[in-house]
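> Just to be clear, the model below is a prediction. Sequence and coordinates:
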Protein chains: 2
Amino acid sequence: METIRIPSIMKETSKRHLLRGKTIGFVPTMGALHEGHLSLVKRAKSENDIVVVSIFVNPTQFGPSEDFDRYPRDMEGDMEKLKREGVDILFMPDARSMYSDRFSTYITVKDLSDKLCGAFRHGHFTGVATVVCKLLNIVMPTRAYFGQKDFQQTVIIKRMTEDLNMNADLVICPTVRESDGLAMSSRNGYLSPEERRAATVIYRDILSASDLIKSGKSNPVDVKKQMHDMLKSEPLISEIQYAGVYNAETLDELNEFKKQNLLAIAVKIGNTRLIDNMLAEF
Amino acid sequence: METIRIPSIMKETSKRHLLRGKTIGFVPTMGALHEGHLSLVKRAKSENDIVVVSIFVNPTQFGPSEDFDRYPRDMEGDMEKLKREGVDILFMPDARSMYSDRFSTYITVKDLSDKLCGAFRHGHFTGVATVVCKLLNIVMPTRAYFGQKDFQQTVIIKRMTEDLNMNADLVICPTVRESDGLAMSSRNGYLSPEERRAATVIYRDILSASDLIKSGKSNPVDVKKQMHDMLKSEPLISEIQYAGVYNAETLDELNEFKKQNLLAIAVKIGNTRLIDNMLAEF
């Protein structure tokens, strides 16, 4: 596995592969890799000649009171995992090479960025859209892989790449879960054992909501109420940021079911913010 | 000359040329072509295998009270001129193919966009940056050509392409002038004969300011005063939006001269807004 730290060298390397007719699969990450990330790597590996993984904890997508400083970092462990998956190139830029002193360009995907997580993380999705645009321009992948766990992120990046006529095909991959259903997240490591047990309510809540939708005997208001009630029954949940039924394209709250309905939740358990979602058919 | 109206077809065409190892020179325009545009086309022609010119009067860079509706359009004359220059491809998308109903992505180059013209044309440079990003992603040029007359635009686009790790090399070409010095502009056609005569004061003002700087006996405050005084002496100038000496990189007003100094002016003559600039050495 080749490690590249300089954006211009990454770009030249990608150009060389593309000119030889190779396809490039790209998995952008913030490191602290778990099975969710590795499922994206495996998928990229199966569909492309060359696989590039980036590890970059992007400062501009963290708010001032968020966990940028304590975000988990495990470079050695990450490199070991990526080598084992047969990754060709690890792109690991530092913040200075990504954001020069004069950096001043920001990409905003309006409307979509203010809903759901965006209402609680101001500026987060501008940081995400901008860094993903940069990474896609540097790596120039044929396909880029994202996890469905960050559903809103995938919708925003899709909107951005379409609006800006960018090149990469986006591949959205299913959320990978622990055996008890908790969606894998680098932030799960923040949880105490009690909090970790409590966190299983999130996925159980989504499954119950999905069942209620499938029953055909409910409406989005009922589903939302059931979702909130179940979350409130877990005393270790310190804040419900949102929980309900949303339009999977516009992210607006639904008044009546569509064929595909986005069930989505963001809660805090102690100081740890956790999200999850599922597409439920009506 | 091939005319392409659909962004995806333009992109496929460019990809085909690039894969064959051809270089692409790109001149983005809003049409109503004059010798200034054609100088960019000639330069692109001399430096690239394939020349693409776009004509797109971009609605998102006009303010609500600006001249989008009456902006000059001369499709037949433009096509004739481009054919004569040996342009290979005219890219002429319509607004619907550039901005879908769901379009919601905006690129802002902070700070630089609020100065000079940006202070008088709110949102203008977000519209410019966004459409230029789109056009560069669609045409994928090796080199893109811009006129120095829109100096602030060139600084902002350069900042954007660097910040977002975009590919095209930007080539900034000298302002082309009428025989009496007036910078060529599609908007000069708005001027009455009297206004057209009055407009020559702009370039004369810049030349005098440049002489004053070269004399070594002045400072930016004196130069600014002289510039404003001369503009005020022309009764057909209805508004001086700015006139002075600026840092060519940050666009901030200068307190003391640097080696290179941006002399820049924006005025209204009647309802017509005209700009001009020059880099003056100290």
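Structure received. What you see is a predicted model; the values in this text were computed from it and never measured.
> Counting neighbours, what do you get for residue A:46?
9 (other Cβ atoms under 10 Å in any protein chain shown). C-beta coordinates here come from the backbone N, C-alpha and C atoms, glycine included.
> go on, residue A:11?
The number of residues near residue A:11, taken as other Cβ under 10 Å, comes to 18.
> Tell me how far the residue nearest to it when sequence neighbours are not counted lies from residue B:119.
Closest residue to residue A:11 apart from its sequence neighbours, by Cβ to Cβ, 6 or more residues apart in numbering or on different chains: residue A:138 at 5.2 Å. Distance, residue A:138 to residue B:119, by Cβ to Cβ, to the nearest Å: 33 Å.
> Between those two, which is the more surrounded one?
A direct count of neighbours by other Cβ under 10 Å for residue A:138 and residue B:119 places residue A:138 higher, at 26 against 12.
> Okay, buried residues for the helix or strand containing the more buried one please.
Here residue A:138 sits within helix A:124-139, counting by DSSP states H and E. By neighbour count on 16 or more other Cβ atoms under 10 Å in any protein chain shown, the buried set for helix A:124-139 is A:124-139.
> Residue A:226: what's it in contact with?
Shown in contact with residue A:226 (Cβ atoms under 8 Å, 6 or more residues apart in numbering or on different chains): A:208, A:209, A:212.
> for the most far-flung residue of chain A relative to its centre, helix, strand, or coil?
Going by Cα atoms, centre = their mean, the residue of chain A most distant from its centre is residue A:217, 32.3 Å out. Following DSSP: H, G, I helix; E, B strand; the rest coil, residue A:217 is assigned to coil.
> Burial check on the closest residue to chain B within the stretch 1-150 of chain A, number of neighbours?
In the stretch 1-150 of chain A, the residue that lies nearest chain B is residue A:105 (3.6 Å; Cβ to the nearest Cβ). When neighbours are counted by other Cβ under 10 Å, residue A:105 registers 25.
> Please apply the same query to residue A:75.
Quick note: residue A:75 (other Cβ under 10 Å) scores 12 neighbours.
> For it, which non-adjacent residue is spatially closest?
Closest residue in space to residue A:75, ignoring its immediate chain neighbours: residue A:31 at 7.0 Å, by Cβ to Cβ, 6+ apart.
> Would you confirm that the one you found contacts residue A:77?
No - at 9.1 Å, residue A:31 does not count as touching residue A:77 under the criterion of Cβ atoms under 8 Å.
> Tell me who's in contact with the residue of the stretch 1-150 of chain A closest to chain B.
Per Cβ under 8 Å, 6+ apart, neighbours of residue A:105: A:130, B:107, B:108, B:109, B:110, B:129, B:159, B:160, B:163, B:164.
> Please indicate which of these has the highest neighbour count?
Counting neighbours by other Cβ under 10 Å, residue B:107 comes out on top of the contacts of residue A:105 with 29 neighbours.
> what is it paired to in the beta sheet?
Residue B:107 has the following beta-bridge partners by DSSP bridges: residue A:107.
> Next, the contact list for it, please.
A:105, A:106, A:107, A:164, B:126, B:129, B:130, B:133, B:160, B:164.
> circling back: for the contacts of residue A:105, give me JSON lines that also has pLDDT.
Output for these, formatted as JSON lines (pLDDT from 0 to 100):
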{"residue": "A:130", "pLDDT": "98"}
{"residue": "B:107", "pLDDT": "98"}
{"residue": "B:108", "pLDDT": "98"}
{"residue": "B:109", "pLDDT": "98"}
{"residue": "B:110", "pLDDT": "97"}
{"residue": "B:129", "pLDDT": "98"}
{"residue": "B:159", "pLDDT": "98"}
{"residue": "B:160", "pLDDT": "98"}
{"residue": "B:163", "pLDDT": "98"}
{"residue": "B:164", "pLDDT": "98"}
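> Redo these as TSV? Include distance to residue A:5.
Formatted as TSV, the contacts of residue A:105 follow (distance: Cβ to Cβ, whole Å):
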residue	distance to residue A:5
A:130	20
B:107	26
B:108	28
B:109	26
B:110	27
B:129	28
B:159	23
B:160	24
B:163	19
B:164	19
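> Flag every residue of chain A that's near chain B.
A:7, A:11, A:19, A:100, A:102-112, A:129-130, A:133-134, A:137-138, A:159-160, A:162-167 (Cβ under 8 Å from any Cβ of the partner chain).
> re earlier: taking the contacts of residue B:107 together, which two end up most distant?
Largest separation among the contacts of residue B:107 by Cβ to Cβ: B:126 and B:164, giving 14.1 Å.
> which residues in the stretch 151-282 of chain A form helices?
A:151-163, A:193-198, A:200-215, A:220-232 (DSSP state H, counting those that start in this stretch).
> The longest one vs helix A:220-232, what angle?
Angular relation of helix A:200-215 and helix A:220-232 on a 0 to 180 degree scale: 160 degrees, by axes from the mean of the first three to the mean of the last three Cα atoms, to 10 degrees.
> Of all the residues in helix A:200-215, which ones are buried?
Neighbour-count burial for helix A:200-215 flags A:201, A:202, A:203, A:205, A:206, A:208, A:209, A:210, A:212, A:213 (criterion: 16+ other Cβ under 10 Å).
> need the contact list for residue A:155.
A:112, A:248, A:249, A:251.
> which of these has the most neighbours?
Neighbour counts for the contacts of residue A:155 peak at residue A:112, which has 24 neighbours (criterion: other Cβ under 10 Å).
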